[in-house]
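Student: have a look; sequence and predicted model below, questions after that.
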Amino acid sequence: MKLLPWLSAVGLLLGWSAAAEATPFTPKSDGEVLERVRVRPADPEARALRELRTRLARQPQDLALALQLARRYIERGRIEADPRYNGYAQAALAPWWEQPKPPAPVLVMRATLRQADHDFDGALADLKLALAANPRDPQAWVTRALVQQVRGEYAEARKSCVPLMQFSSQLAGITCLSGVASLNGQAATSYALLERVITARTDASAGEKLWAQTLLAEIAHRRGDPQKAEKHFRTAMAVGPDSYLLGAYADFLLDEKRPREVVELLKGRARADGLLLRLAIAEQRLGLAQSAVHRTELAARFAASRRRGDEAVHRREEARFTLELLEQPRAALKLALANWQTQREPADARILLEAAKASGDAAAARPAIDWLGQSRLEDRRVNALMQELGAKA
């Protein structure tokens, strides 16, 4: 790759004027039984987790051991699409969890878990402390960029991506920058640059490949190019699916009117609320009886979330559930508006616009329409809804 064109493309992503699931339940003690989980005896990862748990139970103040176990739990949860592992990770960090200023690695881990819990303010506060202690920590920078991106703070997210170019890999930095810029009027440039870099970086780690290929698939999906999206989704799935990829791929298949493939994709993988929701939507579109069972289960999960006081974590999913499965557009619009106050990703915009359209209340979507116009989001479906509702608002 020639250096000057590459630097020029990075400059565009940075905006230089040369011309970024379910709340975990935390057990009160190590002895509390949450659920009897069937584990394959020969599963080396499960065996490693058991060994780490046993060692930590004997040495609960061993920070390095606690961090190792927490990281393994979080990774296991992502791979298995099982949010319970976040609760196990938090329990492993219990001696430091409530400290106002724990060691920097705990701050980063706590921020990661708070992000999953949609406590974005808490996550950013932890990351600020962590980066003050260790400004060279790439995980802290990328976590901060992702939180800022979810909140629609694109200028700040770009700034958080930049240190990755120095403290992580070129691919990580470009993927981070491309993710932000693709939501901010530079989807084509982001896609082209990231595709060139991932093609050139044959030595990239599995995690980097998964991140980059998933992002490429999402950009292509938003731009209305199903062939390219399909190619990248399949490449990412071959690397090793995690819960985020499964949700994004399921959404793509639903948009392409391929619900039967969603059922196959998510079979046995629907412990997370978001994945169960997509499975239920696919089943309903196919007229399968199992959809009613899953609809009831989702309603119970959302009710339990409200009783725990953590309904903010599930507002996007509950809004979509209420609109698509319960067919209650006014209630869905209320949830989508509340969700929009904290999350401004394309999926958050889409459910708000869809609920406003179904409710016949175009004016309710005006704040999102104005914001989307300023952000210059390039999403074929969101842009069509925005134009339709904007003409009526």
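Tutor: Okay, I see it.

Student: every contact and neighbour count from this point should use C-alpha atoms.
Tutor: OK.

Student: counting by contacts, list what whichever helix or strand residue 219 is part of packs against.
Tutor: Counting by DSSP states H and E, the element that carries residue 219 is helix 206-222. Secondary-structure packing of helix 206-222 (3 or more CA pairs under 8 Å, 6 or more residues apart in numbering; DSSP states H and E): helix 170-181, helix 187-200, helix 226-239, helix 243-255.

Student: which other residues reach the third one?
Tutor: I take that to be helix 226-239. The contact list for helix 226-239 (CA atoms under 8 Å, 6 or more residues apart in numbering) reads 206, 209-210, 213-214, 216-221, 245, 249, 256.

Student: give the buried residues for it.
Tutor: 226, 228-230, 232-237, 239 (16 or more other CA atoms under 10 Å).

Student: burial of residue 271, as a residue count?
Tutor: 17 (other CA atoms under 10 Å).

Student: and for residue 332?
Tutor: Look at residue 332: counted by other CA under 10 Å, it has 29 neighbours.

Student: the one 4 residues further on too?
Tutor: A count of nearby residues for residue 336, using other CA under 10 Å, gives 30.

Student: just give the nearest non-adjacent residue to it, would you?
Tutor: Distances taken as CA to CA, 6 or more residues apart in numbering place residue 352 nearest to residue 336, at 5.0 Å, with adjacent residues excluded.

Student: what's the angle from the strand or helix carrying that neighbour to helix 243-255?
Tutor: Using DSSP H and E, residue 352 falls within helix 346-359. The directions of helix 346-359 and helix 243-255 differ by 40 degrees, with axes from the mean of the first three to the mean of the last three CA atoms, to 10 degrees as the criterion.

Student: average pLDDT for whatever helix or strand comes next after helix 346-359, rounded please.
Tutor: Using DSSP H and E, the helix or strand that follows helix 346-359 in sequence is helix 366-375. Summarised as a single mean, pLDDT over helix 366-375 is 93.

Student: packing partners for helix 366-375?
Tutor: Contact partners of helix 366-375 among helices and strands, from 3+ CA pairs under 8 Å, 6+ apart: helix 380-392.

Student: show residues contacting the helix it packs on.
Tutor: For helix 380-392, contacts defined as CA under 8 Å, 6+ apart pick out 222-224, 346, 349-350, 353-354, 357, 362-363, 365-366, 369, 377.

Student: so the residue nearest to residue 336 versus residue 219, what's the distance?
Tutor: When distance is defined by CA to CA, to the nearest Å, residue 352 is 20 Å away from residue 219.
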